[in-house]
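>>> with the input below, show me the fold.
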Amino acid sequence: LVFLISIIFLLMIRNFLMPIFMAGLFSALASPSHRWLTAKLKGREILASALTVFGIVVLVLGPLSVLITVVVAQALNVGQMVTPFIEAFIDQPTIISDWVEKIPYYNQIMPYRDIILEKAGVAVANISNFLIDSLQSFTMLTINAIFGSIIMLYVMFYFLTMGDKLLMKILYFLPLQDSDEQKLLMRFTSVTRATLKGSMIIGLMQGCICGVAFALVGIEGPVFWGTLMAVTSVI
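Okay, here's the model as predicted:
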């Protein structure tokens, strides 16, 4: 009966597993700040949890939502600008010839010039259409992201308030010694915190530097390209 109820419960919350997981992750990262606030507020855990969640909304989710909006807008602009650029290349063979002559192994590439340009035009057109079509589904994705963020913050509030008691309950059912459970917990938390902070800080720095460099040299969509480089850096 317990097994059957657990399966039904997991099926019910399967769409919320990622927000719950992110809530646990953010709670572990924000736990030092929560403990510090609790001490400053003379043991008022609920108020400290509310302030911690509010701080995450202001410092993380707010700027992130603005960044995503700017990135999507610039991605659409980049997709729309590349198409006429390729079309102009195709319509003016002299420009293409001048540009291709600068490429290494020009003689080997030259016999396949028409095929390369045709494939490039098709690829750019497909990318542009994909970006424009994605705008329609972006609204639904935004709604899902907002709903998931609300669930994450709601769960995170309770994780911060009563996370220690919940964690002790979970560890109680694990078939390990208490000392081993504490070692695993500390190692998992420390490695996760160090990995996330290191990867995100390095990716953010690289994305910001590249975005500023692109903006200085006049490349269209510097926020989009900088964000793309930051994400690929983290990956």
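
>>> ranges for the helices of the chain?
2-12, 17-40, 45-56, 62-91, 93-100, 106-109, 113-173, 178-217, 222-234 (DSSP state H).

>>> pull out the buried residues from the second one.
Going by neighbour count (16 or more other CB atoms under 10 Å), the buried part of helix 17-40 is 19-20, 22-28, 30-31, 34, 37-38. Where C-beta positions appear, they are placed from N, C-alpha and C, glycine not excepted.

>>> still on that earlier bit, now render the helices of the chain as TSV, adding mean pLDDT.
Below are those laid out as TSV (pLDDT from 0 to 100):
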stretch	mean pLDDT
helix 2-12	88
helix 17-40	83
helix 45-56	84
helix 62-91	67
helix 93-100	57
helix 106-109	66
helix 113-173	73
helix 178-217	83
helix 222-234	81
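
>>> excluding residues flanking it in the chain, which one is nearest residue 208?
residue 226 (6.5 Å; CB to CB, 6 or more residues apart in numbering).

>>> so what's the residue count around residue 143?
10 (other CB atoms under 10 Å).

>>> quickly note the distance from it to residue 152.
15 Å (CB to CB, to the nearest Å).

>>> the residue nearest to residue 208: how many residues sit nearby?
By other CB under 10 Å, neighbour count at residue 226 equals 25.

>>> and residue 161, by the same measure?
Residue 161: 19 neighbours (other CB under 10 Å).

>>> contact partners for the residue nearest to it when sequence neighbours are not counted?
Closest residue in space to residue 161, ignoring its immediate chain neighbours: residue 49 at 4.7 Å, by CB to CB, 6+ apart. Taking CB atoms under 8 Å, 6 or more residues apart in numbering as the criterion, residue 49 is in contact with 34, 157-158, 160-161.
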